[in-house]
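Engineer: build the 3D model from these lines:
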Amino acid sequence: MSARIDEIISRLTTRQKIGQLLILGWQGETDEDNVTVSEHARLLVEDFEVGGVVLLGRNIGAPEQTARTMNELQERSKIPVFIIADQEGGMVARLRAPAYVVFPSNMALGATGDPEYAYKAARATAEQLLATGINFDFAPCVDVNNNPLNPIIGTRSYGDNPEIVSRFAQAAIRGFHDGGVPTSVKHFPGHGDTSVDSHLALPVVDFPMERLEAMELVPFLAAIEAGVASIMTTHIIFPALDPELPATMSPRILTGLLREKMGWQGLIVTDCLEMDGVAVKWGTAKAALAALKAGADCPLICHTLSRQQEAHALISAAVESGELPMERVDQSVRRVLELKERFGLLEPAKLADPAKTASVAGAPEYRALALEIARKAVTVIKNERGILPARVEPGSKVLVVSTHRALPDLTEAIRRIHPNTDSLAVDTSTPAIEPGSDVRLIIAATCPNEPWTAGTDQEGQARMVKQLNSLGLPLVVLAIREPYDIRRFPEVETYLCSFGYREESLQAAAEVILGVTQPTGQLPVRLG
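Structural biologist: Residues are numbered from 1 along each chain as shown. Just a heads-up that it's a prediction; the model follows:
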């Protein structure tokens, strides 16, 4: 045990100890040039004296200004604070392009077949985070995505094979840690085989323990072996483990399984307790207390000050009454401080250099790495007519069609290679598609429904593809996120996947379609 940590704990008040357990987010409208420490944020670090703050997109703007804000948070904190982001890459990125380099998704990394790319992307991400004043990443996601209908994991997973997910996860953990940033694998004990988003409802994963040990738990054991910094819980009921309580609130799962059976004695962080998976039935404050009693160390409450205040008050009352013993509180405080000490985050706080932040965040070598990964990831799934690579004469027209908002970006990526390219945005009001007599190649981009958006009309998208397929023209269908879209139009003969629609992934897909590069990606999931 660290004498330094013993000394810190001995001088903390009960209120300060409870504060060290909390990871809270703050509200406050910001824009790219005006990211500041709001009154809400100030309360978190000066009144609650929290152990960590979590950033969402609303808290991050231009690199230099964001770094100044993170420095101010540290300067206001008596004990250096965890400043945390969900920077997974792919669709989950709080630091956003173009100011920051966002690496391709975990599923794209899985498609490369090379875990070394997971290491390189994680290390580069860690360096960007630290340059911005962010010292903790809630990543990587190690869920095994073996349910094609999963609405929330998808490309956040390395694939549907637990051994492959484990290898990539271990490489990513090494990359983050070598870059100086602690990690939190998620979502324990596994969110990969659900068809319900736990942000919106409470999923149930009803498999026997033997199946959980062979599938869901494998990457978490691998992460523990790799020295992961922390583990995040999920709001899912696993009847084989606990038929009544979701994992986040279950002593059987957090203490009985994770701590006692799997041997994890490090930090346990909950997923956000404002998610409907727990908030609707139990309420955020009661869920926070239940999580601590179950064996978690850090309740995560991302949004609402009144809920954060209520949780703090309820936990304080439980400590005062003995319902939550002080010994139990001290255990968790120690884990928080030990992790800060392990990564050099105790006094004095490490501050970012705002003058250097922008150049690190958008470093050319990171952009080159992101494009290299994207190129290695593009996977041709069907090429039954030999259309790929498409050889289109300069005077012939290419038409790019989609219902998705990425259509302009994909069109531009195609147009950079073949200037004679047009686009057609399709929606439910679009009449029969008539491409024109001069079109020699049609590229249709498809995407599943996406969290946090209005969603894609899946039936309308399938009708679009089927109609295009009936025209008799060469048709290439590009899945710009998960590769499962083809289940709705299996008759398509030319199909590939980019595993994302950020700039590098669309450029890589365009290069494969038009023969600039050769596809080398390996499908990391089964489509059936």
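Engineer: tell me, how many neighbours does Ala355 end up with?
Structural biologist: Number of residues near Ala355 (other CB atoms under 10 Å) recorded here: 9. Every residue, glycine included, has its C-beta placed from N, CA and C.
Engineer: distance check, the residue of the chain most remote from its centre against Leu471.
Structural biologist: For the chain, the C-alpha farthest from the mean C-alpha position belongs to Ser437; by CA atoms, centre = their mean, that distance is 43.6 Å. When CB to CB, to the nearest Å is the yardstick, Ser437 and Leu471 sit 12 Å from each other.
Engineer: and if you look at Leu388?
Structural biologist: 18 Å.
Engineer: same question for Ala62.
Structural biologist: Taking CB to CB, one finds Ala62 at 46 Å from Leu471.
Engineer: and the longest strand for the protein?
Structural biologist: strand 439-446 (DSSP state E).
Engineer: what helices and strands are in contact with that strand?
Structural biologist: Using 3 or more CB pairs under 8 Å, 6 or more residues apart in numbering; DSSP states H and E as the contact test, the elements touching strand 439-446 are strand 397-402, helix 407-417, helix 458-470, strand 475-479.
Engineer: so what are the sheet partners of the first one and their directions?
Structural biologist: Based on DSSP bridges, the strands next to strand 397-402 in the sheet, each with its direction, are strand 421-425 (parallel), strand 439-446 (parallel).
Engineer: so which of those strands gets nearest Lys286?
Structural biologist: Checking the strands paired with strand 397-402 against Lys286 by CB to CB gives strand 439-446 as the closest, at 42.0 Å.
Engineer: and stretch 468-479, C-alpha only, in CSV?
Structural biologist: Output in CSV follows, covering the C-alpha atoms of stretch 468-479 (Å, rounded to 0.1, in the frame of the first residue of the first chain):
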residue,chain,number,x,y,z
LEU,A,468,-31.5,0.2,-58.5
ASN,A,469,-30.7,-3.5,-58.8
SER,A,470,-33.6,-3.9,-61.2
LEU,A,471,-32.2,-1.3,-63.6
GLY,A,472,-29.7,-3.6,-65.2
LEU,A,473,-26.8,-1.2,-64.7
PRO,A,474,-23.6,-2.1,-62.9
LEU,A,475,-24.5,-1.6,-59.2
VAL,A,476,-22.1,-1.4,-56.2
VAL,A,477,-23.7,-1.3,-52.8
LEU,A,478,-21.5,0.1,-50.1
ALA,A,479,-22.4,-0.5,-46.4
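Engineer: for it, what is the average pLDDT?
Structural biologist: The average of the pLDDT scores along stretch 468-479 is 96.
Engineer: need the contact partners of it.
Structural biologist: 385, 387-388, 390, 401, 410, 433, 435, 439-447, 465, 485-486, 489, 491-498, 509, 513 (CB atoms under 8 Å, 6 or more residues apart in numbering).
Engineer: ok, 7 Å please
Structural biologist: 387-388, 390, 401, 433, 435, 439-446, 465, 485, 491-492, 494-498, 509, 513 (CB atoms under 7 Å, 6 or more residues apart in numbering).
Engineer: need the buried ones from the residues you listed selected in PyMOL.
Structural biologist: Provided next is the PyMOL selection string for whichever of the contacts of stretch 468-479 are buried by 16 or more other CB atoms under 10 Å:
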select buried, resi 387+388+390+401+433+435+439+440+441+442+443+444+445+446+465+485+492+494+495+496+497+498+509+513
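Engineer: Ala285 touches Leu314, doesn't it?
Structural biologist: Yes - Ala285 is in contact with Leu314 according to CB atoms under 7 Å; the separation is 4.5 Å.
Engineer: out of those two, which sits in the more crowded spot?
Structural biologist: Using other CB under 10 Å as the criterion, Ala285 and Leu314 rank with Ala285 on top: 22 against 18.
Engineer: give the other helices and strands that the strand or helix carrying that one contacts.
Structural biologist: Using DSSP states H and E, Ala285 falls within helix 284-294. Judged by 3 or more CB pairs under 7 Å, 6 or more residues apart in numbering; DSSP states H and E, helix 284-294 is in contact with strand 298-301, helix 305-321.
Engineer: contacts for the host helix or strand of Glu365, please.
Structural biologist: Applying DSSP H and E as the criterion places Glu365 in helix 364-377. If you take CB under 7 Å, 6+ apart as the criterion, helix 364-377 is touched by 101, 103-104, 108-109, 111-112, 117, 120-121, 124, 499, 504-505, 507-508, 511, 517, 520-521.
Engineer: what's the angle between the helix or strand following it and strand 475-479?
Structural biologist: Where DSSP H and E defines the elements, the next helix or strand beyond helix 364-377 is strand 379-383. Following axes from the mean of the first three to the mean of the last three CA atoms, to 10 degrees, one obtains 150 degrees for the angle between strand 379-383 and strand 475-479.
Engineer: avg pLDDT for strand 379-383?
Structural biologist: Here the average pLDDT along strand 379-383 is 98.
Engineer: tell me which residues in it are buried?
Structural biologist: 379-381.
Engineer: ok, now which ones touch Thr155?
Structural biologist: So Thr155 contacts 90-91, 105-108, 481-482, 499-500 (CB under 7 Å, 6+ apart).
Engineer: quick one, which of Ala62 and Leu471 is more surrounded?
Structural biologist: Using other CB under 10 Å as the criterion, Ala62 and Leu471 rank with Ala62 on top: 19 against 13.
Engineer: my read is that the more buried one contacts Arg96, right?
Structural biologist: No - judged on CB under 7 Å, Ala62 makes no contact with Arg96 at a distance of 10.9 Å.
Engineer: and for the closest residue to Leu324 other than its chain neighbours, the neighbour number?
Structural biologist: Distance criterion CB to CB, 6 or more residues apart in numbering; nearest residue to Leu324, sequence neighbours excluded, is Ala318 at 4.0 Å. Using other CB under 10 Å, Ala318 has 18 neighbouring residues.
Engineer: any residues touching the helix or strand encompassing Tyr119, and which ones?
Structural biologist: Using DSSP H and E, Tyr119 maps to helix 115-131. Identification of contacts with helix 115-131 by CB under 7 Å, 6+ apart yields 85, 87, 89, 95, 100-101, 103, 109, 137, 167-168, 171-172, 174-176, 178-181, 352, 356-357, 360-361, 366, 369, 373, 376.
Engineer: how about stretch 272-291?
Structural biologist: So stretch 272-291 is contacted by 198-202, 235, 246, 248-249, 270, 299-304, 307, 310-311, 314-315, 318, 324 (CB under 7 Å, 6+ apart).
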